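Visitor: got a structure for you, letters missing:
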């Protein structure tokens, strides 16, 4: 394992996949290609002032470092960056429990997402690109592709009953005002400086917005 040292690397991981378990938060993202080495993963540790004074923070990071050295070479994926963030109980947490926290969080990082979408040319293209996403993220994508009217009915029932059948869904300008009025949509802020709202055509952006 190599260690993360640059603030930009920690910030990149924080924008990636995050899982909270027990006394730790695990953040991960693919290592940038120019810095990725074959068969290597990178790891960093943080402990904020919420943990306590400098002595407590250092102890928390030492414990995370010791636990990670045992587990991440086995559980981590080469070509990925990992950041372990100490939570409030990290100092007092029994070491076997800390190991369990990291093991569980690592297992949750790489999961399968179920996507509900309509059968049109754009979504067919998205499916073709999904292999590249899976390769870089480690997340498997399961596509549920339906006709427009069937999909609309399935999604409406699933959302209204908290069915949780889908992790990701695609909706259009027809659903946006209806779902917004029901409180099913929330604002999307702080998506990062690299997210360019103006890349979305204005007419599309307005049609998929609700105020």
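Guide: Sure thing, it's come through. A quick note: this is a predicted structure, and the numbers were derived from the prediction, not measured.
Visitor: can I see the domain layout of the protein?
Guide: Following automatic domain parsing, the chain resolves into domains at 2-109, 112-207.
Visitor: what about residue 72, how many residues close to it?
Guide: Other residues near residue 72 come to 20 when the count uses other Cβ atoms under 10 Å. Where you see a C-beta, it was placed from the backbone N, CA and C, and this is true even at glycine.
Visitor: Return the residues in contact with residue 179.
Guide: 159, 171, 185, 210 (Cβ atoms under 8 Å, 6 or more residues apart in numbering).
Visitor: SS state for the third one?
Guide: So that's residue 185. Judged by DSSP: H, G, I helix; E, B strand; the rest coil, the three-state class of residue 185 is coil.
Visitor: Likewise for the second one?
Guide: Following three-state DSSP, the label given to residue 171 is coil.
Visitor: Among the domains of the chain, show me which one is buried the most.
Guide: Greatest average neighbour count among the domains of the chain goes to domain 2-109 (a mean of 17), per mean count of other Cβ atoms under 10 Å.
Visitor: any idea what sits nearest residue 12, other than its immediate chain neighbours?
Guide: Distances taken as Cβ to Cβ, 6 or more residues apart in numbering place residue 29 nearest to residue 12, at 5.5 Å, with adjacent residues excluded.
Visitor: Quick one: mean pLDDT for the helix or strand that neighbour falls within?
Guide: Using DSSP states H and E, residue 29 falls within strand 24-30. Averaged across strand 24-30, the pLDDT comes to 90.
Visitor: following that strand, which helix or strand shows up next?
Guide: Past strand 24-30, the next helix or strand by DSSP H and E is strand 42-46.
Visitor: Can you list the helices and strands that that next one packs against?
Guide: strand 2-3, helix 7-14, helix 54-75, strand 80-86 (3 or more Cβ pairs under 8 Å, 6 or more residues apart in numbering; DSSP states H and E).
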